Each structure stands twice: as C-alpha cells, then as structure tokens.
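J.: Only the shape, not the letters, is given here:
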C-alpha cells in the first residue's frame, strides 16, 4: 500500500498519460470544453501515430469520398465494419463511430491536417504520394462486399512518403499548444493515486536538465529504429531505462480525472508470451513505449481487460498488385486464403490457422508483370522490401515441385493445389476463396518462384504487428470498467490502451480513427464532470 499523498506538486483538471493521437484528442476535446489539461509523455509526444503512415479510416460520405465520386453512407460503413469487428464493441457504439466518422475527419482538418480525394486505382497497402484515398481494407472482396457496397475509406494525411503520421500528429500537437495544454515530456507515469475507489492523480518520474537531454539523445534512434531493427537496440533501451530509474518523482492532482492513452503492448515480450505467444516471431510496430504500461496502470486500480489475445500481424505483398495473382500456401501446399485480402486478414489466417507459415508461389508471367509494377506502385519502403524479395528473398526452380522442395513446401501438396487452381482458371470458374476474376490466371509458365511470407521470415521482409486489446471501457464515457461492469470514478482509457473498434481485427487507418474517436469521448466526458 502507498502512503496517502499530503502534497501535490501540480494540479490540473485532467491528466492525460501518453500523448499520441488518442491523448492529444482527449486533451483538445477537454480544453475546448474549458478544462485545464496536463499531459505526460515518456518521450516527446507522438507515440505510434507519429511513426505511422498517417492513414485515418473514415467514411459515411466524407468530402474526399464525394470529390472522388465514391458513394458511401454511415449505414454502409457500419455494415462493413460489423463484419470486420465481429461484435468486439456494441452495435450502438459501432453505429456512433460510423455516424461520427466524417465529422471526426473534418475535426482533424480543422486542426490543420489535409486530406484529398485522389483515388488510388490499384490494390495497395499504402498509396504513393499521387493518391491519398484508397480501399484500405477488405471492402472489395467476399464476404465483406456482400455486407455493403465497397467504398474507399483510407484517408492518408497529405505529406511526403512516410511523413504522413508525423505531419498528422504535428497538427494535433500544435493545436494543443495553442489551446494551452501543458505537455510534460520525459515523464513516465509510475502509479495512479486513489482516494478510496476514485482516481485522483498520478505519480510520475520526470527527467530534467542534462538527464533529459541524454534521454532525448538516447531515445531518438528508438523511433523508427525499433520498428526496423529492434534486435540491435537493446543497449540503448537499457540505457534509457537506467536514466528513467534515477528520475525524480512528482505528483499531479487531477480534479476531473485521468486518461490512459499510452498505447498497446507489442514491445512487452512478457505480456505477449502470456496472451499471444504465437505472435512472438513477428516484428513489433510502434515505439518502445508500447509496453503495456497504460494497461497495467488501469488494472492496478481494479480495471478489467479484454481481447489481449488479439494481435494484428500485417503480411503485405501488394503492391505490386500483380503478386496477388499468385497462390499463398502453407507448408503442406494448401492454399491459405484469397490472396487479395488486406494484409492483416492474411496475417490472421497465416498465424492462427497455419502456424505462422505462408509461401507465395508465382510463375514467370506473374513475376515479370509484378516487376514492371514495382516502379510505379510503390513508395520507398515498399520498393526496398520488394526489391529484396525480387533480388534475393525467393526460391526459384524450373518446376513447381522443385521450387516447393527448395522452399520446404510439400511438392505433392502444392501439385494438387496448383492443378485444381489452374483447371478452374482455364475453365473460367469463380475462385472458391473469392479472388476477383481479373486476378485469377493459370500458373503455367516456368520458372517458378516462392516467396517466404511467414511471420518471422526475414530481417529485410518483416511482418509488423500491433496489439489490439486493452482495458474495458464504458461505451458512452470511455471510463475504465471493473470486471463486474461498474466504472472506476476518475479513470478513462483511449486508443490502444483500451478495447475499441479495432480490437478484433484491423484495417489501415482504423487504429488512428479509433484513437481520435475514443480520445475525444474521454476528454469530453471528463471535462463535463
């Protein structure tokens, strides 16, 4: 038990723990309602949002959709997301999310973010700078297209290359500064302070002076570096933690509540081992601050968690779009799924139904077509990964059987799969897994190529992953709930620290959209207390 607090170092109306998209949205909504806000961030703010592609999943008739000539309604968006989310949130909450979607995107535009209705004409995991609107999920493929007419809902923030996430967060941060939000960087929340059953403040460790400057310098490479080469950054991570352990302790009283918005737990191997061990070979995506600290703070106050076993692993091999013409098989040579599905859906099939192993088989005709597309359909990081696969990361042989043997796939199993697939393609029969007819063709021209798409396949072709579960929260307020469903007074959670719309499955932009939605919800409710 901690001794009661007799002295507060600071007081505020709302304390936000973690200052990414969810934390900034909560802070902005609360300040707009007249509340004072103090935000704590372990680093300098931004979180996973600033490192992301800056895509916001939005629909129901956004200005950008209308400019592109795309027809969408909140009901159609709801029907599609209902199929994706599988009841992870209530129908009422999902309908509210869809009804508010266009307005939330407009809210981001009011803060300075720019989105456009330039529609991407090809299948992609992330559009080039020429296109800022695209089908960022499974909208075009069965069974999802049977639920609702397809509509492009991936809205990429206008910026160069992968700077979209940094630019999007920059607008949120600038708006927060303009409204008087106090950001305390290099501050790590250590515990929640309770008065009886109510959360009334936060104890945190704060680095200042030379220690803060050293922390900033040491943690700078841990941004993108932790996504591309986490294995080599252990010494830096340990040095950062040593500095944090020596930081001075402060307390802040939060009169109206505390919002936990500290991300997920993809970088916490212990939590992954406990809740989702099958994903351990994947590459965590985000920052080292995605260590479950926000979730653990919530449980320390009696909060309940849910869906911690849900992790999204992204296995993309398009663009180039023509690689989707190949066959994705497991080690037994059995086909895994429709190769044109969104990468997170492919990852879910691969990890949870095929032991994390997947191999893309193509023939020479597909190989040549995809190589031509590589020049026009990819941004730099896609070009680098696919360039590796085309140059070194494949197995090649004159026959399917020989290629299978070289890649560790059952030659007999692949032969059966290929024979059935080619026969159906020649006869013009619909693909049993729902691949569009324009992407179905016989694989009959050697040589044959096999790309290893498995969860832990390569340093140069990683399979990124984020965690999706978190603290259970009340639909209307975002307050953290106890196991019995009652709410913890004064405690909220948002973004990936909480169960939200994307806690069952993920499509591009849905996490940022949910962070904005849940952050605004928590900030508004807390400010109204």
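T.: Everything's here; your move. What you see is a predicted model; the values in this text were computed from it and never measured.

J.: Which residues belonging to stretch 202-217 are considered buried?
T.: By 16 or more other CB atoms under 10 Å, the buried positions in stretch 202-217 come out as 202-207, 211-212, 215. For the C-beta atoms, the positions are set from N, CA and C on the backbone; glycine is no exception.

J.: cool, and stretch 371-384?
T.: 373-374, 377-379, 382.

J.: Farthest-apart pair in those, please.
T.: 373 and 379 (13.2 Å; CB to CB).

J.: just checking, what packs against the one helix or strand residue 243 maps to?
T.: If you go by DSSP states H and E, residue 243 is part of helix 234-245. Applying 3 or more CB pairs under 8 Å, 6 or more residues apart in numbering; DSSP states H and E, one finds that helix 234-245 contacts helix 209-219.

J.: Mind checking the pLDDT average for the helix it packs on?
T.: Across helix 209-219, pLDDT averages out at 95.

J.: which outside residues touch the next helix or strand after that helix?
T.: Of the helices and strands lying after helix 209-219 in sequence (DSSP H and E), the nearest is helix 224-228. By CB atoms under 8 Å, 6 or more residues apart in numbering, the residues outside helix 224-228 that reach it are 51, 232-233, 267, 283-288, 462, 464.

J.: what comes up buried for helix 224-228?
T.: For helix 224-228, the neighbour count (16+ other CB under 10 Å) marks 226-227 as buried.

J.: circling back: helices and strands around the helix or strand just after the helix holding residue 243, which ones?
T.: The helix or strand immediately downstream of helix 234-245 is strand 248-260, counting by DSSP H and E. Judged by 3+ CB pairs under 8 Å, 6+ apart, strand 248-260 is in contact with strand 10-17, helix 21-32, strand 37-40, strand 187-195, strand 198-206, helix 293-300, strand 487-493, helix 510-527.

J.: is it fair to say residue 141 lies in a helix?
T.: No - counting by DSSP: H, G, I helix; E, B strand; the rest coil, residue 141 falls outside a helix, being coil.

J.: what about residue 432, how many residues close to it?
T.: 11 (other CB atoms under 10 Å).

J.: which ones are touching it?
T.: Neighbours of residue 432 in contact, by CB under 8 Å, 6+ apart: residue 424.

J.: quick one: what helix or strand has it in it?
T.: Here residue 432 is assigned to no helix or strand, by DSSP H and E.

J.: ok, it to residue 340 distance?
T.: According to CB to CB, to the nearest Å, residue 432 and residue 340 sit 14 Å apart.

J.: How far does stretch 254-261 sit from its chain's centre?
T.: Taking CA atoms, centre = their mean, to the nearest Å, one finds the center of stretch 254-261 at 24 Å from the center of the full chain.

J.: if we can go back for a sec, generate a PyMOL selection restricted to the buried subset of the contacts of helix 224-228.
T.: Buried members of those, defined by 16+ other CB under 10 Å, are picked up in PyMOL with:
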select buried, resi 51+233+267+283+284+285+286+287+288+462+464
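
J.: Now flag whichever of the contacts of helix 224-228 is closest to residue 139.
T.: Nearest member of those to residue 139, counting by CB to CB, is residue 464, at 21.5 Å.

J.: Okay, and the beta partners of that closest one?
T.: Here residue 464 sits in beta bridges with residue 283, going by DSSP bridges.

J.: Let me know whether it touches residue 286 as I believe.
T.: No - using CB atoms under 8 Å, residue 464 is not in contact with residue 286; the gap is 9.1 Å.

J.: contacting residues for residue 250?
T.: Contacts of residue 250 by CB under 8 Å, 6+ apart are 9-10, 187, 203-206.

J.: I meant residue 475, not that one.
T.: Contacts of residue 475 by CB under 8 Å, 6+ apart are 89-90, 92-93.

J.: which among these end up buried?
T.: Applying 16+ other CB under 10 Å to these, the neighbour count classes 89, 93 as buried.

J.: mind listing which of the contacts of residue 475 are in helices?
T.: Among these, the members found in helices (DSSP state H) are 92-93.

J.: Between all of the contacts of residue 475, which two are at the greatest distance?
T.: Spatially, the most separated pair among these is 89 and 92, at 8.7 Å (CB to CB).

J.: Turn the contacts of helix 224-228 into JSON lines, columns for distance to residue 155 and pLDDT.
T.: Conversion of those to JSON lines gives the following (distance: CB to CB, whole Å; pLDDT from 0 to 100):
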{"residue": "51", "distance to residue 155": "18", "pLDDT": "94"}
{"residue": "232", "distance to residue 155": "35", "pLDDT": "73"}
{"residue": "233", "distance to residue 155": "32", "pLDDT": "80"}
{"residue": "267", "distance to residue 155": "28", "pLDDT": "94"}
{"residue": "283", "distance to residue 155": "26", "pLDDT": "92"}
{"residue": "284", "distance to residue 155": "25", "pLDDT": "93"}
{"residue": "285", "distance to residue 155": "20", "pLDDT": "93"}
{"residue": "286", "distance to residue 155": "21", "pLDDT": "92"}
{"residue": "287", "distance to residue 155": "23", "pLDDT": "93"}
{"residue": "288", "distance to residue 155": "28", "pLDDT": "92"}
{"residue": "462", "distance to residue 155": "25", "pLDDT": "91"}
{"residue": "464", "distance to residue 155": "21", "pLDDT": "93"}
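
J.: And the contacts of helix 224-228, which is closest to residue 363?
T.: Of those, the one sitting nearest to residue 363 (CB to CB) turns out to be residue 462, at 26.1 Å.

J.: ok, back up a step: biggest separation within the buried residues of stretch 202-217, which pair?
T.: Longest span within the buried residues of stretch 202-217, CB to CB: 202 and 211, 20.1 Å.

J.: before we move on, the earlier item: TSV for the contacts of helix 224-228, including distance to residue 148?
T.: As requested, those are arranged in TSV below (distance: CB to CB, whole Å):
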residue	distance to residue 148
51	31
232	45
233	43
267	35
283	32
284	33
285	28
286	30
287	34
288	38
462	32
464	28
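
J.: How far does the helix or strand of the chain with the lowest mean pLDDT sit from its chain's centre?
T.: Every helix and strand in the chain was compared by mean pLDDT, DSSP states H and E; the lowest is helix 224-228, with a mean of 74. Chain-centre distance of helix 224-228: 15 Å, with CA atoms, centre = their mean.
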